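Participant: Build me a model:
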Amino acid sequence: MAELEVEIVAADHFVWSGAATMVKARTSDGEIGILPGHSPVLAILAEGELAIQPVSGERVVVGVDGGFFSVDSNRVVIVADNARIGGSVTAETS
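Facilitator: Just a heads-up that it's a prediction; the model follows:
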């Protein structure tokens with residue numbers, strides 16, 4: 001079975017990486033779903049949630065507030081301004 005190699009980083013920290021079967025994200029043009037074999041794409045990431053279905057384990061949800069993502073040769077790289085696994089980045093307090 002084909003899979004995606006996914007890496008998510010924020011401006012100041014590593015967020016998540018691993019093998020996945022699907023990635024869903026919100027872009028400035030609307031939602032996009034990435035499956036293995038997807039054509040190359042570079043898009044601006046909109047505020048919202050990313051959903052990653054790992055090859056094994058439970059679905060991972062990451063809240064982001066912007067950035068970009070690229071897809072090429074079954075590799076998905078997401079660079080977010082701010083990101084937090086399992087929740088909204090706006091809920092973060094210092």
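Participant: so what's the closest residue to T21 other than its chain neighbours up against?
Facilitator: Closest residue to T21 apart from its sequence neighbours, by C-beta to C-beta, 6 or more residues apart in numbering: Q53 at 5.1 Å. (Each C-beta comes from the backbone N, C-alpha and C, glycine too.) The contact partners of Q53, taken as C-beta atoms under 8 Å, 6 or more residues apart in numbering, are A20, T21, M22, V23, R59, V60.
Participant: now swap in L50 and tell me
Facilitator: Neighbours of L50 in contact, by C-beta under 8 Å, 6+ apart: I8, V23, K24, A25, V61, V62, G63, V64, I78.
Participant: now do N74
Facilitator: A2, E3, L4, E5, P36, G37, H38.
Participant: Low-confidence stretches in this protein?
Facilitator: 1, 87-94 (pLDDT under 70).
Participant: which residues in it form strands?
Facilitator: 4-10, 14-27, 30-34, 41-45, 48-54, 60-64, 67-72, 75-80, 83-85 (DSSP state E).
Participant: ok, the shortest one: who's next to it in the sheet?
Facilitator: Under the criterion DSSP bridges, strand 83-85 sits next to strand 60-64 (antiparallel) in its sheet.
Participant: can I assume I8 is in contact with I78?
Facilitator: Yes - I8 is within contact range of I78, at 4.4 Å (criterion: C-beta atoms under 8 Å).
Participant: Leaving out sequence neighbours, find the closest residue to M22.
Facilitator: Q53 (4.4 Å).
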